[in-house]
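Trainee: what follows is a predicted structure for the sequence shown.
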Amino acid sequence: MIIKPKVRGFVCVTAHPTGCAAHIQEQIDQVKAKGPIKQGPKKVLVIGASTGYGLASRITAAFGSGAATLGIFFERPSEEGRPATPGWYNSIAFTRAARAAGLYAGNINGDAFSKEIKAQAIATIAQEMGPIDLVVYSLASPRRTHPVTGVVHKSCLKPLGAPYTNKTVDTDKGIVSDITIEPATEAEAADTVAVMGGEDWEMWMDALAEAKLLAPGATSVAYSYIGPIHTWPIYKDGTIGRAKVDLERAAHAIDAKLKAHGNGRAFISVNKALVTQASSAIPVVPLYISILYKVMKAAGTHEGCIEQMQRLFATQLYNGSTIKFDGEGRVRVDDWEMRPEIQQPVSAIWPQVTTENLAALTDIEGYRTEFLKLFGFGLTGVNYEAEVEPHQEF
Ligand code: NAD
């Protein structure tokens, strides 16, 4: 079939297998061009490995330091001629490239929150890999069925305490308007913590420790975001921010356990705001990203997921020396985003943006290009007029 993008609000309901493979290759090439990460990880588990930051972490580990990787993700294969989700095609392309390079690449498609998928991962690691030295926890999910209680928790993106009004952009239609979001109830906030907080990360680490599948000195990292005051009510001070506070609590708890196990370590890396399937669903944030891209591209400091993760691994996690933490014990690769010379122009542009001047004042075009690339569209060298087989298997 010929596959074209079909954008519905903040999602694209189609994905292009050849385009996704080209996108993977582009990221592999970028990591290789930076040279080897000499003291990098060797056996890596990535939970949330098929798109965004988790995928970029997996590519960096494999092609930056020759690591064996096991990827956990929740993706839909193609059904009845309908294209699969991009994470399915990404994972197939990654696996082919890794195996062609002589690297182990295992995959488990299923609910990472469940006991069954954890058991499957443990069995795979025991049989095929041996003890893991890096666990990357990079899930972004709208819901979690709790493995003990069976309760289905749904996360939400809402402010806490008071309604929040700010500008937002419909990235598809290019319309800038005000949006008011009512505050979350306590139950909604607690549900968001249950989905995006740290309990599941702790469950993964406990399961690996119990099975004696953590190498002495193992590292674990999960990702967070802070951002500028424009987005604080909906992000840092909202329901998702409360979940991230819990993720930091979990980081400290896991760190203490790993310290006792061969001087291992666990922490949060605060990453840059980037176009991913998860971030495009957050109100206000896509407008911020469009302005941020404009300013950072002009300053020559713009990075995508792959550059962020390559920098995290090469200059922080595996720099051959000590990691630089902020006052809260977090690694910051949002440092370039948060520089005053970036944030000041962003703040100056923010109040001026309207539907009419959106294209001139922001990088909405860059946002759209990045967004379509997530689904395998707009890659150079791919013939989008050609027939392509949507059904792809590992
Ligand atoms: P993403 O949507 O691109 O990736 C989410 C991953 O989680 C995918 O691999 C998906 O398959 C997997 N997943 C979701 N539910 C699952 C389940 N039940 N079982 C197994 N796998 C599941 O998201 P992202 O933007 O890369 O976010 C990853 C992390 O990075 C999140 O913690 C997010 O808060 C954080 N982060 C994102 C940004 C940003 O701007 N995108 C910035 C800083 C930090």
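Mentor: Noted; the coordinates are in hand. Numbers count the residues shown, from 1 in each chain.
Trainee: ok, whichever residue of the stretch 51-200 of the chain sits closest to the ligand - contacts?
Mentor: The ligand sits closest to residue 52 of the stretch 51-200 of the chain, with a gap of 2.1 Å, by Cβ to the nearest ligand atom. Where you see a C-beta, it was placed from the backbone N, CA and C, and this is true even at glycine. Residues near residue 52 by Cβ atoms under 8 Å, 6 or more residues apart in numbering: 138, 140, 274, 276-278, 305.
Trainee: hmm, 7 Å instead?
Mentor: Counting by Cβ atoms under 7 Å, 6 or more residues apart in numbering, residue 52 touches 140, 276-278, 305.
Trainee: the ligand next: which of the residues you listed are close?
Mentor: Filtering these for proximity to the ligand by Cβ under 6 Å from any ligand atom leaves 140, 276-278.
Trainee: tell me which element residue 72 is part of?
Mentor: Per DSSP states H and E, residue 72 falls inside strand 68-73.
Trainee: close to the ligand, is that strand?
Mentor: Yes. Against the ligand, strand 68-73 shows contacts by Cβ under 6 Å from any ligand atom at 72-73.
Trainee: by contact count, what packs against that strand?
Mentor: Where contact means 3 or more Cβ pairs under 7 Å, 6 or more residues apart in numbering; DSSP states H and E, strand 68-73 is packed against strand 43-47, helix 52-65, helix 86-100, strand 105-109, helix 115-124.
Trainee: so of those, which one's packed in deepest?
Mentor: Scoring the helices and strands packed on strand 68-73 by mean neighbour count under mean count of other Cβ atoms under 10 Å gives helix 52-65 as the most buried, with a mean of 27.
Trainee: so which of the helices and strands packed on strand 68-73 gets nearest residue 319?
Mentor: helix 52-65 (12.4 Å; Cβ to Cβ).
Trainee: what are the C-alpha coordinates of that closest one, in CSV please?
Mentor: Written as CSV, here are the backbone C-alpha positions of helix 52-65 (Å, rounded to 0.1, in the frame of the first residue of the first chain):
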residue,chain,number,x,y,z
GLY,A,52,11.6,9.1,22.0
TYR,A,53,14.2,9.2,24.7
GLY,A,54,14.1,5.5,25.4
LEU,A,55,14.8,4.6,21.8
ALA,A,56,17.6,7.2,21.6
SER,A,57,19.1,5.7,24.8
ARG,A,58,19.0,2.3,23.2
ILE,A,59,20.6,3.5,20.0
THR,A,60,23.3,5.3,22.0
ALA,A,61,24.1,2.2,24.1
ALA,A,62,24.3,-0.1,21.1
PHE,A,63,26.0,2.0,18.6
GLY,A,64,28.0,4.2,21.0
SER,A,65,29.4,1.5,23.2
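Trainee: thanks again, I'm all set now.
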